Structures are given as structure tokens and as C-alpha cells.
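In: Sequence first, then the predicted structure, then my questions.
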Amino acid sequence: MLKQGVFHRFCLIAPPQDGVVLAIAYGASSTSYAHIKKGGIAQEAFIMEMIRFLIDDALKNSNIKPLGSARLSTPVRFCGDGEVIFGRSVALGTIKGPSIMSVSQIVCINGGKVVFGDNVRVNNNFFIIADTVSVIIEEDTVIGANFKALTRNGHRIEHDRRDEIDNPKAIAIRRNVWIGHDCTVLKGTEIGTNSVIGLGVTLSRGVIIEPQSIIKMRNDLEFG
């Protein structure tokens with residue numbers, strides 16, 4: 001009998017017993033099971049197979065077909081009624097990063113649009129929502145894991161007004177920007193060319209980052 005395994009969001013790999021490993025990958029529409037016998041497929045190769053399964057599963061459950069193409073190394077789902085446009089040599093996800101089994105999402109609703117310029121690279125577990133307006137990420141920009149770009153803040157805080165949605169505002173990340181892990185860019189923000197945004201920064205209230213800025217923490221900015 002196999003011992004309890006470790007759950008990695010979409011993949012369960014039980015520790016070996018009698019030379020056998022059981023792994024399960026859970027997708028939105030299907031499930032893949034496999035046994036790895038001693039002397040058979042290496043665990044690394046099997047994990048790559050699970051990632052390919054999850055990438056295919058995410059694409060099957062997407063209802064936007066992007067214009068252009070990107071290299072997907074980890075799962076990405078494209079949802080909504082808007083547009084996703086890729087420039088040349090765009091790369092989404094990396095098997096060398098964290099959260100390789102997580103499903104990133106690009107959501108374009110009410111005609112929203114997300115545009116990736118040439119040579120843009122985004123690490124794993126990102127979430128981008130373009131509601132009505134656009135999210136533009138210009139060429140040669142590099143973005144770390146757990147990135148979020150949100151063109152609206154969602155519902156209001158007051159309990160009697162939570163059915164009200166705020167007005168969306170576009171987001172622009174200009175050319176050759178470097179954004180660290182765990183950063184969030186909120187509506188109306190523009191990041192200037194050749195800027196660096198450090199680990200864990202949240203940019204809000206439609207802040208405009210001047211070109212060639214280095215933002216190490218939220219307190220580096222005057223939000224007013």
C-alpha cells in the first residue's frame with residue numbers, strides 16, 4: 001500500500017514503495033494517472049509529461065485563441081471575449097521557476113485586450129485581467145513569478161454597494177522593464193522604459209513610473 005503523497009495543486013506524487021511511484025495530475029476536464037516502475041521513466045521526465053498534460057488541458061479549457069504564438073513552458077488559460085496578441089519570441093512560464101504546476105490566467109472581458117511585445121518573458125503563476133481596456137507589456141520586458149495586472153479593483157468595500165464595479169483603467173508596461181517576483185500592478189498604472197520594480201511591490205492609484213526608475217519598495221513612491 002502506498003504511503004500518503006505530497007499534493008502539488010495539480011499533481012500528487014506518492015513516495016516510492018517496492019520500486020513503484022504513483023502520480024496523478026488533475027486537469028479541468030480530465031485526469032492522468034501513471035505508474036513509474038524502478039528502472040523505467042525517470043521522475044523528472046514524468047513531471048515534464050505531467051506539465052505537458054496540464055498545458056494541453058488548460059488550452060482545451062480556454063475560449064480565446066491568441067493572435068501570434070508564444071512558448072508555453074507551464075500551463076496558461078486564456079478566458080473571456082477579448083483579444084490576446086503575442087509579438088515574436090514571447091515566453092510564458094519556466095520549468096526552472098516556482099509553482100510549475102500552477103495554471104496562470106489571462107482574462108479579457110468586455111472587449112479587453114492583452115498585448116505582449118517581442119521577447120517578453122513572464123514567470124509562473126501570473127494573473128492578468130483586462131476588463132474593457134488594455135494591458136500592454138512592451139518588448140524585452142521580464143516579469144517574475146506570481147505577477148498580477150488588474151485593470152479594475154473589483155466591487156466596492158461598502159456592504160450595501162458591493163454590486164457596484166469600479167471603472168477600469170488601462171495598464172502599460174513600457175520597453176525593457178524588469179519586474180521582480182510577487183508584484184502587483186493595479187489599474188491606470190504606467191511603468192516607464194528601462195525601469196526596475198523590486199520584489200513584492202504593489203503599484204496603485206494610477207501611478208506613473210518615470211523611465212529608468214528603480215523602485216525597491218512601496219515607500220519609494222509618493223502615492224498622494
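Out: Arrived safely, thanks for sending.
In: Only the buried residues of stretch 146-154, if you could.
Out: Buried residues in stretch 146-154, counted by 16 or more other C-beta atoms under 10 Å: 146-147, 149-152. Using the backbone N, CA and C atoms, a C-beta is placed for each residue, glycine as well.
In: could those go into JSON lines alongside secondary structure?
Out: Below are the buried residues of stretch 146-154 laid out as JSON lines (DSSP: H, G, I helix; E, B strand; the rest coil):
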{"residue": "146", "secondary structure": "coil"}
{"residue": "147", "secondary structure": "coil"}
{"residue": "149", "secondary structure": "strand"}
{"residue": "150", "secondary structure": "strand"}
{"residue": "151", "secondary structure": "coil"}
{"residue": "152", "secondary structure": "coil"}
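In: where does the chain have low pLDDT?
Out: 1-44, 46, 217-224 (pLDDT under 70).
In: Closest to residue 181 out of the buried residues of stretch 146-154?
Out: Nearest to residue 181 among the buried residues of stretch 146-154 is residue 146, at 5.9 Å by C-beta to C-beta.
In: got the contact list for that closest one?
Out: By C-beta atoms under 8 Å, 6 or more residues apart in numbering, residue 146 lies in contact with 98-99, 123-126, 181-183.
In: want to try TSV for these, with distance to residue 216 and neighbour count as columns?
Out: TSV is the format used below for the contacts of residue 146 (distance: C-beta to C-beta, whole Å; neighbours: other C-beta atoms under 10 Å):
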residue	distance to residue 216	neighbour count
98	21	13
99	24	17
123	19	25
124	23	26
125	23	25
126	21	23
181	14	17
182	14	16
183	12	22
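In: most centrally placed residue in this protein?
Out: residue 126 (1.9 Å; C-alpha atoms, centre = their mean).
In: wait, what's in contact with that one?
Out: Counted by C-beta under 8 Å, 6+ apart, residue 126 has contacts 92, 104-105, 143, 145-148.
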